[in-house]
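Student: any chance you could fold what I've pasted below:
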Amino acid sequence: MKNNFQILFVIIFTHFGVMHISADDSLHPVDTLRVMSYNIHTGVGVDGVFDLSRIANIITEHDIDIAGLQEIDQGVERTERVNTMKILSELTGMHAVFGKAIEFQGGEYGNGILSRFPVIEKRNHAYTFTQTGEHRALLYVFLEYEHDTLLVMNTHLDHRPDDAERMKSVEEILSIASKYEDMPMFLLGDINDIPDSRVVGKLQERFNDVWEEAGEGTGYTFHTEDLNRRIDYIFYPGTMDTKSARIYFKPVNAYTIQTPASDHLPVVVEFEVYYVR
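Tutor: Have a look, this model is predicted:
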């Protein structure tokens, strides 16, 4: 039975372009990784209170390793002109990066990433927008993870009923991702669309929605006081070419956290980590 399981595991990895994995690693994950996507509503909860410590406590209490955060203020009047990512970094002990989407109230507003792993490089991509309104961006970082490089992408897409801007932004996400096909990666974010939308469908041409693999129930994330839809996601590569990858991530548990700290609920995925030989 053990030999049959090992053969099956090698077949699964071969399907994803990986040709060899050690017998021990095929049976036992060597690490676990907890990844979060959370639209923090600038740190203002449904009670109207601005409190970044609530956000930090959620991250530390759930042992999050990587968090993609959306709706981040930096030096903005409405949130006391604080440096949100610096404060969250200090409260969690994690590395922090920020990517601007727009200038707002004397400061900047956009996306942030917290990581327990060192940041090798940060990049920020402003989407091409054809309509008026709040422009959006993609923040992505390269992390040093177990002697390899892990790409983490984090975004907050346009919210309008018309999905034209979201579809264009997804094309730009996929174009960037295609440049790193041999690299393990995650895409995190507030996609502002539901699972059966064409926006999510387009992303699933390259990525897997981890909730579909490891979550239970609806996974609704918005609105906190009247949950009615799932618009916050964690994706990882599906059928991407991973022939040179040395790490394989298997989602084993996905869940939301019930908290009034934002108008969205955070979504968390626990991955088992295998080293490919």
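Student: which of the helices and strands in this structure ranks last by mean pLDDT?
Tutor: Least confident helix or strand, the chain: helix 2-15 with a mean of 41, by mean pLDDT, DSSP states H and E.
Student: the stretch 1-150 of the chain: helices as residue ranges?
Tutor: Shown for the stretch 1-150 of the chain, the helices assigned by DSSP state H, counting those that start in this stretch span residues 2-15, 23-27, 52-61, 84-92.
Student: correction: the stretch 151-277 of the chain
Tutor: 164-178, 198-203, 210-214.
Student: reformat these as TSV; add mean neighbour count and mean pLDDT.
Tutor: No exception for glycine: its C-beta is placed from N, CA and C like everyone else's. Below are the helices of the stretch 151-277 of the chain laid out as TSV (neighbours: other Cβ atoms under 10 Å; pLDDT from 0 to 100):
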stretch	mean neighbour count	mean pLDDT
helix 164-178	18	98
helix 198-203	18	98
helix 210-214	19	98
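Student: can I get the ones you listed in JSON lines with distance to residue 50?
Tutor: JSON lines is the format used below for these (distance: least, Cβ to Cβ, whole Å):
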{"stretch": "helix 164-178", "distance to residue 50": "28"}
{"stretch": "helix 198-203", "distance to residue 50": "31"}
{"stretch": "helix 210-214", "distance to residue 50": "29"}
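Student: distance check, the residue lying closest to residue 159 once chain neighbours are set aside against residue 110.
Tutor: Excluding its sequence neighbours, the residue lying closest to residue 159 (Cβ to Cβ, 6 or more residues apart in numbering) is residue 192, at 4.7 Å. Going from residue 192 to residue 110 by Cβ to Cβ, to the nearest Å gives 15 Å.
Student: of these two, who's got more company?
Tutor: A direct count of neighbours by other Cβ atoms under 10 Å for residue 192 and residue 110 places residue 110 higher, at 28 against 25.
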